[in-house]
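Trainee: how would this look folded up:
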Amino acid sequence: MTDEVFSLQMQEKKERVEAIIHNYLLEEDAFPGSLASAVNYSMNAGGKRVRPILMSESYQIFGGKGAVIEPMIAAIEMIHTHSLIHDDLPAIDNDDYRRGRKTAHVVYGEALGVLAGDALLNLAYETALQAFAYEDLMCPPDRTVAALRILAEKTGIRGMLGGQGVDVENEKNHIVSLDQKTLDYIYENKTSALIEAPLMIGAVMAGADKGSVKLMEQVGHLTGLAFQIRDDILDVTGTLESIGKPAGSDTKNDKTTYVTLFGVEKAEAEVRRMTQEAVCLLDTLPGDTEFLTKMLLGMASRGN
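Mentor: Predicted structure coming up:
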């Protein structure tokens, strides 16, 4: 697949998941105050929509068909956006820009920023539960139950929120430098878990066997680590214009990252190694993994 063909397909897939996500956003006139507006502002802030596309690709690789996956696609992006809103709050990273525009708490105030993040997390599960309405013989209820279990575990205290908790706790205790074991725990949960979830859910909803679901979890694990380390590198090498948020945020907050532990060159090498391992795992699957492989390679080398 050429870069040009990949770019065209990526744009098409992004537009498709954007349309799906839009279908599940709030009707602002039906809600009091500015909370719905703050939620939609954050959801419409753009972004690469990596996680919804990963879920859609995994679903297709394992032969999934039909609209039953759509509520899950919207839900995973809601959870991701919730995490970004809360990451940007003054109590955590205190960032004023995200995806090239002012963050929710800057536009709507800190209180509504907190509530918008809370609302999106809850809305995500309300939305995911709508998958039951689409079920037919192609997707029996037990698949949706299994997918919901993955969604809850990977995004809760044993996953994304747990990793975020350790990250914040270490910052607030003014630990000057974390060891690699603790840093890996944070990355595996704060970032990798939310890459593992869409790949696993797509496979489960398509009816993949347990071995294949486990393989997709491993792909997500490696990809998520590489993705976070690339973020570490971009925080040092990027600019507000190129990455859509303030560069140097990690330095500002005295955060330990792969770059502070090992330097840019070794961090780059780890991104390449982990991504290659993930690609090799994908190569063992019988489905058409060409686009997903190209996507993982692009995530590893991205400039924003």
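
Trainee: okay, CA-based contacts and neighbour counts for the rest of this
Mentor: Fine.

Trainee: What are the buried residues along the longest helix seen in the chain?
Mentor: The helix that spans the most residues within the chain, counting by DSSP state H, is helix 210-237. By neighbour count on 16 or more other Cα atoms under 10 Å, the buried set for helix 210-237 is 212-236.

Trainee: Distance from the chain centre to that helix, please.
Mentor: Distance of helix 210-237 from the chain centroid (Cα atoms, centre = their mean, to the nearest Å) equals 10 Å.

Trainee: helices or strands up against that helix?
Mentor: With contacts taken as 3 or more Cα pairs under 8 Å, 6 or more residues apart in numbering; DSSP states H and E, helix 210-237 sits against helix 180-187, helix 193-206, helix 249-252, helix 258-282, helix 290-300.

Trainee: hey, which of the ones you listed is tucked in deepest?
Mentor: Of all those, helix 193-206 has the most neighbours on average by mean count of other Cα atoms under 10 Å, namely a mean of 29.

Trainee: average model confidence for that one?
Mentor: Helix 193-206 shows a mean pLDDT of 98.

Trainee: Can I get it in CSV, CA atoms only?
Mentor: Extracted in CSV, the C-alpha atoms of helix 193-206 (Å, rounded to 0.1, in the frame of the first residue of the first chain):
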residue,chain,number,x,y,z
ALA,A,193,-5.1,0.1,28.2
LEU,A,194,-7.0,2.6,26.0
ILE,A,195,-5.3,1.2,22.9
GLU,A,196,-5.8,-2.4,23.9
ALA,A,197,-9.5,-1.9,24.6
PRO,A,198,-10.6,-0.9,21.0
LEU,A,199,-8.6,-3.7,19.4
MET,A,200,-10.0,-6.3,21.8
ILE,A,201,-13.5,-5.0,21.6
GLY,A,202,-13.5,-5.0,17.8
ALA,A,203,-12.3,-8.6,17.8
VAL,A,204,-14.8,-9.7,20.5
MET,A,205,-17.8,-8.1,18.7
ALA,A,206,-16.8,-9.8,15.5
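
Trainee: helices and strands around that helix, which ones?
Mentor: Helix 193-206 sits against helix 50-61, helix 70-87, helix 141-155, helix 210-237, with contacts defined as 3+ Cα pairs under 8 Å, 6+ apart.

Trainee: follow-up on the earlier one: lowest-confidence stretch among the helices and strands packed on helix 210-237?
Mentor: helix 249-252 - the lowest mean pLDDT of the helices and strands packed on helix 210-237, at a mean of 62.

Trainee: So which of the helices and strands packed on helix 210-237 is nearest residue 170?
Mentor: When the helices and strands packed on helix 210-237 are compared by Cα to Cα, helix 180-187 sits nearest residue 170, at 9.6 Å.

Trainee: neighbouring contacts of that closest one?
Mentor: Here helix 180-187 makes contact (Cα atoms under 8 Å, 6 or more residues apart in numbering) with 163-164, 166-167, 224-225, 228, 256-257, 261.

Trainee: Distance to residue 45 for these - can I get that in a markdown table?
Mentor: Listed next are the contacts of helix 180-187 as a markdown table, based on distance: Cα to Cα, whole Å:
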| residue | distance to residue 45 |
| --- | --- |
| 163 | 25 |
| 164 | 22 |
| 166 | 28 |
| 167 | 25 |
| 224 | 22 |
| 225 | 24 |
| 228 | 21 |
| 256 | 28 |
| 257 | 26 |
| 261 | 32 |
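
Trainee: what angle do the longest helix of the chain and helix 50-61 make?
Mentor: Compare the direction of helix 210-237 with that of helix 50-61 by axes from the mean of the first three to the mean of the last three Cα atoms, to 10 degrees and you get 150 degrees.

Trainee: Tell me how many other residues surround residue 29.
Mentor: Per other Cα atoms under 10 Å, the neighbour tally for residue 29 reads 10.

Trainee: That one and residue 169, how far apart?
Mentor: Here residue 29 is placed at a distance of 39 Å from residue 169 (Cα to Cα, to the nearest Å).

Trainee: Please apply the same query to residue 50.
Mentor: From residue 50 over to residue 169 the distance is 28 Å, taken as Cα to Cα.

Trainee: quick one: which of those two has more around it?
Mentor: Between residue 50 and residue 169, residue 50 has the larger neighbour count (other Cα under 10 Å), namely 16 against 12.

Trainee: one step back: output the helices and strands packed on helix 193-206 in JSON lines; the columns should cover distance to residue 105.
Mentor: As requested, these are exported to JSON lines (distance: least, Cα to Cα, whole Å):
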{"stretch": "helix 50-61", "distance to residue 105": "24"}
{"stretch": "helix 70-87", "distance to residue 105": "8"}
{"stretch": "helix 141-155", "distance to residue 105": "22"}
{"stretch": "helix 210-237", "distance to residue 105": "21"}
